[in-house]
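Participant: Coordinates only, no sequence provided:
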């Protein structure tokens, strides 16, 4: 079935492209026909000329032979002028189909006998008869003996030649024309045979050449229509094979670019969604913070007017604690919505994480192994040290909660560039903060929502869903990037990229010596 469909497809292709002057098949056939016609014409002309000259030489030699033979045969008849003897010799010569007429003359030009072939029995029965005449002398040889030779009985022979007449033989040279025509007909027949064979070979060759081009054409059309295309098989190392290989490389590059474009589009949509959610959260947080400020001020006034022994004081105290917790949630929403300003100054991330190691060890349980990897040189970024600590603590807490039965917590700090990870959208050097765990991992559906505020997979009352949202907002405020690598059962890794600060060598030495510290700047 596939073979029939392939034949139908080829037939339609050739039928649609054969009549087009610009088609490859038509051009190739035109070139082949012109070349074949030129070669055939030159060969025919040369072959006809060669055979005609050869036939003329043969006819000339045959005419001379016949005339010489006749001259020898009629010597006695000419000498005695006997017509009967001459008739026998002429009959033998006239039996040759090329001979038109024979005439025998005496030495003084007297015609002894003449014989003409009737026109209807001649090879060329047309009125315009071409001929070639051959004349040979009739020579009589006589041997004479001298008297001394007879006396001494010596046989010294002296030959004397005497011309006693001449013969004329006329041959029909139109045979040469008929032979040339026969040669032309044979040559044309051979040329037609070779033309048919050459056409078949040419069609098969063009089919072999065009078959991969047809496949490439169909693939290009499918590619232009946005359809999924298969890899074109490379069957040879010639130009067609290199073209197919280049097409496969182009297809792979286009697929990669399409995947990258889709990934960038997905990141753009996600960024737009997070910006919209952040704007909404920031507006709600501002309004809610104003309400909480009023409530907190009223509670403070009530605490001043009521003594601690009063039974209402405990209720007011509890209300005040709840207001403090609510304001903490508001600060988280502001951090996510970029509504909380960050004071950026040169800080050494190496020093920040080194100072946090006791806190990190205290946060995780004894069933979790800590693996800390930091470079020997300082990694200076423009950031708010307090917010950077909050980012690390939130990620560590999230990793701890993902390993309730224990595992390995990995915190890594390093300097990388954009070639390290396709997640980095721009060039430059970055401080990489990586926090990974060996927990259950995150599936793709949850991964798309983990940075949304109040989204959590924990049980009710065990999490607010703001931890990763705050991390996302802080990283965005610092012009950084955050990426997540995770799969179910394979653990999770959060990678944060903060641009490296461009500082002078002296400033870097001061930071390495502890002269510049973000926390000391706050005091």
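Facilitator: Good, I have the coordinates. This is a predicted model, so every value here is computed, not measured.
Participant: Note down every partner strand of the helix or strand hosting residue 136 and its orientation.
Facilitator: According to DSSP states H and E, residue 136 maps onto strand 131-144. Strand pairing for strand 131-144, using DSSP bridges, gives strand 158-172 (antiparallel).
Participant: Could you check the partner strand and say which residues are buried?
Facilitator: By 16 or more other C-beta atoms under 10 Å, the buried positions in strand 158-172 come out as 164-172. In short, each C-beta sits where N, CA and C put it, glycine included.
Participant: what does the strand holding residue 136 rub up against?
Facilitator: 59-60, 63-64, 66-68, 70-71, 74-75, 78-79, 100, 104, 157-173 (C-beta atoms under 8 Å, 6 or more residues apart in numbering).
Participant: Could you list the buried residues of it?
Facilitator: Across strand 131-144, burial judged by 16+ other C-beta under 10 Å covers 132, 134, 136, 138.
Participant: Look at the second one and report its pLDDT.
Facilitator: For residue 134, the model assigns a pLDDT of 89.
Participant: does it have beta-bridge partners, and which?
Facilitator: Beta-bridge partners for residue 134, by DSSP bridges, are residue 169.
Participant: Return the distance of it relative to residue 67.
Facilitator: When C-beta to C-beta, to the nearest Å is the yardstick, residue 134 and residue 67 sit 4 Å from each other.
Participant: Which strands or helices does the one helix or strand residue 409 maps to pack on?
Facilitator: Per DSSP H and E: residue 409 is located in strand 407-417. Packing contacts for strand 407-417, counted by 3 or more C-beta pairs under 8 Å, 6 or more residues apart in numbering; DSSP states H and E, involve helix 349-363, strand 368-373, helix 385-401, strand 429-437.
Participant: Do I have it right that residue 433 meets residue 391?
Facilitator: Yes: the criterion here is C-beta atoms under 8 Å, and residue 433 meets it with residue 391 at 7.3 Å.
Participant: Mutual contacts of those two, please.
Facilitator: With C-beta under 8 Å, 6+ apart, residue 433 and residue 391 have common neighbours residue 496.
Participant: out of these two, which sits in the busier spot?
Facilitator: Ranked by neighbour count (other C-beta atoms under 10 Å), residue 433 and residue 391 place residue 391 first, with 29 against 26.
Participant: Quick one: residues contacting the more buried one.
Facilitator: 433, 470-471, 474-475, 496.
Participant: Check the gap between it and residue 420 for me.
Facilitator: Per C-beta to C-beta, residue 391 is found 19 Å from residue 420.
Participant: Indicate each strand paired with the strand holding residue 409 and its parallel or antiparallel sense.
Facilitator: As defined by DSSP bridges, the strand partners of strand 407-417 come to strand 368-373 (parallel), strand 429-437 (antiparallel).
Participant: Give the next helix or strand downstream of the shortest one.
Facilitator: Which is strand 368-373. In N-to-C order, the element after strand 368-373 by DSSP H and E is strand 380-383.
Participant: Might you calculate how far that following strand sits from the centre of the chain?
Facilitator: Averaging C-alpha positions (C-alpha atoms, centre = their mean, to the nearest Å) puts strand 380-383 47 Å from its chain's average.
Participant: now stretch 208-225
Facilitator: Worked out by C-alpha atoms, centre = their mean, stretch 208-225 lies 11 Å from the chain centre.
Participant: For the protein, just list every one of the helices.
Facilitator: For the chain, applying DSSP state H gives helices covering 2-18, 24-73, 75-80, 83-94, 147-151, 174-224, 239-305, 311-336, 349-363, 385-401, 444-447, 467-477, 505-512, 518-522.
Participant: Of these, flag the one that's most buried.
Facilitator: helix 467-477 (a mean of 23; mean count of other C-beta atoms under 10 Å).
Participant: what's the closest of the strands paired with strand 407-417 to residue 50?
Facilitator: Nearest to residue 50, of all the strands paired with strand 407-417, is strand 429-437, at 85.4 Å by C-beta to C-beta.
Participant: Give the rounded mean pLDDT of that closest one.
Facilitator: Rounded mean pLDDT across strand 429-437 is 91.
Participant: and for that strand, what are the contacting residues?
Facilitator: Taking C-beta under 8 Å, 6+ apart as the rule, strand 429-437 contacts 349, 353, 379, 381, 391-392, 395-396, 399-400, 402-403, 407-418, 420, 424, 480-481, 491-500.
Participant: follow-up on the earlier one: of the contacts of residue 391, which pair is most distant in space?
Facilitator: Going by C-beta to C-beta, the pair spanning the contacts of residue 391 furthest: 433 and 470, at 14.8 Å.
Participant: For stretch 424-441, buried residues please.
Facilitator: So stretch 424-441, judged by 16+ other C-beta under 10 Å, has buried residues 424, 430-441.
Participant: can you list those residues in CSV and add distance to residue 222?
Facilitator: CSV is the format used below for the buried residues of stretch 424-441 (distance: C-beta to C-beta, whole Å):
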residue, distance to residue 222
424, 34
430, 41
431, 46
432, 42
433, 45
434, 42
435, 45
436, 42
437, 45
438, 45
439, 44
440, 42
441, 38
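Participant: Of the buried residues of strand 131-144, just say which sits nearest to residue 50.
Facilitator: Among the buried residues of strand 131-144, residue 132 lies closest to residue 50 (C-beta to C-beta), at 19.5 Å.
Participant: which residues of the stretch 201-350 of the chain score low on pLDDT?
Facilitator: Low-confidence segments of the stretch 201-350 of the chain, defined by pLDDT under 70: 226-229, 232, 234-240, 267, 270-283, 285-286, 327-342.
Participant: er, the stretch 51-200 of the chain actually
Facilitator: 119-129, 142-159.
Participant: switch the cut-off to 90
Facilitator: Low-confidence segments of the stretch 51-200 of the chain, defined by pLDDT under 90, are located at 51-101, 104-134, 138-165, 169, 171-200.
Participant: Domains in this structure, by residue range?
Facilitator: Following automatic domain parsing, one gets these domains for the chain: 20-119+127-228, 231-340, 342-522.
Participant: thinking again about what came up before, which of the helices and strands packed on strand 407-417 sits closest to residue 216?
Facilitator: The nearest among the helices and strands packed on strand 407-417, by C-beta to C-beta, is strand 429-437 at 43.0 Å.
Participant: Now do that closest one: distance to the chain's middle.
Facilitator: Centroid displacement of strand 429-437 relative to its chain, using C-alpha atoms, centre = their mean, is 40 Å.
Participant: got the angle for it vs helix 385-401?
Facilitator: Between the axes of strand 429-437 and helix 385-401, defined by axes from the mean of the first three to the mean of the last three C-alpha atoms, to 10 degrees, the angle is 30 degrees.
Participant: who's in contact with residue 478?
Facilitator: 342, 344, 381-384, 387, 498-499.
Participant: Quick check: the two most widely separated of these?
Facilitator: Every pair of the contacts of residue 478 checked by C-beta to C-beta; the farthest is 387 and 499, at 15.0 Å.
Participant: so what's residue 83 closest to, chain neighbours aside?
Facilitator: Among residues not flanking residue 83 along the chain, residue 113 sits closest, at 5.6 Å (C-beta to C-beta, 6 or more residues apart in numbering).
Participant: what are the bridge partners for the one you found, then?
Facilitator: residue 104.
Participant: where are the low-confidence patches of the stretch 401-523 of the chain?
Facilitator: In the stretch 401-523 of the chain, residues with pLDDT under 90: 401-406, 415-429, 439-490, 501-523.
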